[in-house]
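Student: Here is a sequence with its predicted model. Questions after.
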Amino acid sequence: MTTIKIIIVISIFTLIGCEQTELKSSFIDNINKGDTLTLSARFADCGEWGGHIEKIQITKVDNKLDAIFYKDTVSCETDPNLTRKKTIEISEPLSIAYKNCIVKYIDSLLVRSNRNIRSIGGNSSNIYELISKDKTYRYLDFEQDWQGFTEMRNEIFTEYKANR
């Protein structure tokens, strides 16, 4: 019985430790005061003419990282100019768990953007971008089936997820 208790205690500490182990990313770790790392998604709500845009901006404020979520809306049917209206702005301090979520998203986006260079698509796609001070990476999701940005957004901005 004692052996089982020891195994359970070790397992619990291992799980807690893994969850709080901070993943490294040069994109996030090299953000200085005044810099912004932008993760954006343009969804093809209006087909080849685009659609609404969501973005997460990561900035450094007082030596702490903040993530700010923006979402706009467009009306495909009633507004041929696709006038954008900002509908949501939410700010969250970037905890280790949230940072890890973003690092995993960035890793997945980079793999997809590298594959994307060699593929040919159509006119209508969701577009995901990572914009750093040095470079922009872009993934065109022609199948519109990747949920990476949406999953990351819902993980970090639970207020948004709860009010949908």
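Tutor: That came through, no problem.
Student: For this protein, give me the ranges with low pLDDT.
Tutor: Regions of the chain meeting the criterion pLDDT under 70 cover residues 1-20, 79-80, 82, 116-122, 159-164.
Student: show me what contacts the nearest residue to residue 126 once chain neighbours are set aside?
Tutor: Leaving aside its sequence neighbours, residue 126 sits nearest to residue 141 (CB to CB, 6 or more residues apart in numbering; 4.3 Å). In short, each C-beta sits where N, CA and C put it, glycine included. By CB atoms under 8 Å, 6 or more residues apart in numbering, the contact list for residue 141 reads 112, 125-128.
Student: quick one: buried residues of stretch 54-66?
Tutor: For stretch 54-66, a neighbour-count test (16 or more other CB atoms under 10 Å) marks 54-60, 65 as buried.
Student: one step back: which of the contacts of residue 141 tops the neighbour count?
Tutor: Using other CB atoms under 10 Å as the neighbour test, these are led by residue 128, with 25 neighbours.
Student: Now find how far off-centre stretch 144-158 is within its chain.
Tutor: 6 Å (CA atoms, centre = their mean, to the nearest Å).
Student: For that stretch, list the C-alpha coordinates in CSV.
Tutor: The C-alpha coordinates for stretch 144-158 follow below in CSV (Å, rounded to 0.1, in the frame of the first residue of the first chain):
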residue,chain,number,x,y,z
GLN,A,144,-10.1,25.8,-43.9
ASP,A,145,-9.8,23.0,-41.4
TRP,A,146,-6.9,23.9,-39.1
GLN,A,147,-8.1,24.9,-35.7
GLY,A,148,-4.8,25.9,-34.1
PHE,A,149,-5.5,29.6,-33.7
THR,A,150,-9.1,29.1,-32.5
GLU,A,151,-7.9,26.5,-29.9
MET,A,152,-5.1,28.8,-28.7
ARG,A,153,-7.5,31.8,-28.4
ASN,A,154,-10.1,29.8,-26.5
GLU,A,155,-7.4,28.5,-24.1
ILE,A,156,-6.0,31.9,-23.3
PHE,A,157,-9.1,34.2,-23.5
THR,A,158,-11.6,32.2,-21.5
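Student: So which bits of it are buried?
Tutor: Within stretch 144-158, the residues that count as buried by 16+ other CB under 10 Å are 146, 148-149, 152-153, 155-157.
Student: just stretch 32-50 next, same as before
Tutor: Applying 16+ other CB under 10 Å to stretch 32-50 flags 37-44, 46, 50 as buried.
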